[in-house]
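Student: coords please:
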Amino acid sequence: MKKTLRHKIADYLFHREFKNHKAKQHLIPFEKAKSIGILYDSSNEKYFELVKRYVKEIRELHQKDVLALGYYDQDELPPMRFSKLGLDFFTRKTLNWYYKPSNPIVKNFVNREFDILIDLHTGNSIPFKYIVAMSKARFKIGKYEKGSTSFYDFMISTRENLALPQFIEHVNHYLKSFKYEPAS
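Tutor: Okay, here's the model as predicted:
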């Protein structure tokens, strides 16, 4: 009961804070993008490894500057997981009472002007909403969620329990389908 009430209060405060927030849509095709931000839930070890490979693929095959920010749903990171170049984390301990991230790593991520922000989190999570809503990224892509449409530039509607590997395939498909057409 307490957690449900806390979530309701947090969701209310989030929507009140950002109700008039309008993202400035600026479509940047994947081939023209130079910097990519990736937001994901790193609590699942398989997903963490998958995102690490995805970051490496984007860097090596597409020559992009990539920074991934993972959320670990515990107070502390496990012993073998630590921030390294391009892979940062925040934990439950860095969230305030109403789930707003209060961490310098998150603040730096939010203030970075990525060409594309990819939100790989497929659930309904207030910390992820805050980061996406506050992000200064030029183009934001993520899973469709009613009530969050003003925070994204492009949302992908999927079935409810779609696994992360399949969601990444959808993201890649759409990112690569956007074409650059110079103004005439």
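
Student: Confirm for me that Gly86 is in contact with Gly70.
Tutor: No. Taking contacts as CB atoms under 8 Å, Gly86 lies outside contact range of Gly70: 11.2 Å. (C-beta placed from N, C-alpha, C; glycine too.)

Student: Look at the two and report which has more neighbours.
Tutor: Gly70 (24 against 14; other CB atoms under 10 Å).

Student: does the more buried one really touch Gly37, like I thought?
Tutor: No. With contact defined as CB under 8 Å, Gly70 does not count as touching Gly37 (11.8 Å).

Student: Which residue, neighbours along the chain excluded, lies closest to Phe90?
Tutor: Nearest non-adjacent residue to Phe90, counting by CB to CB, 6 or more residues apart in numbering: Asn103, 4.8 Å away.

Student: Hmm, Tyr99 and Ile126 touching each other?
Tutor: Yes. Counting by CB under 8 Å, Ile126 does reach Tyr99; the two are 4.0 Å apart.

Student: and for these two, which residues touch both?
Tutor: Residues touching both Ile126 and Tyr99 (CB atoms under 8 Å, 6 or more residues apart in numbering) are 7, 10, 14.

Student: can you list those residues in JSON lines and add distance to Asp115 and secondary structure?
Tutor: Below are the shared contacts of Ile126 and Tyr99 laid out as JSON lines (distance: CB to CB, whole Å; DSSP: H, G, I helix; E, B strand; the rest coil):
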{"residue": "His7", "distance to Asp115": "33", "secondary structure": "helix"}
{"residue": "Ala10", "distance to Asp115": "30", "secondary structure": "helix"}
{"residue": "Phe14", "distance to Asp115": "26", "secondary structure": "helix"}
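
Student: Okay, buried residues for the helix or strand of the chain with the lowest mean pLDDT please.
Tutor: Ranking every helix and strand in the chain by mean pLDDT, DSSP states H and E puts helix 2-18 at the bottom, with a mean of 77. Residues 10-11, 14, 18 are the ones in helix 2-18 that count as buried (16 or more other CB atoms under 10 Å).
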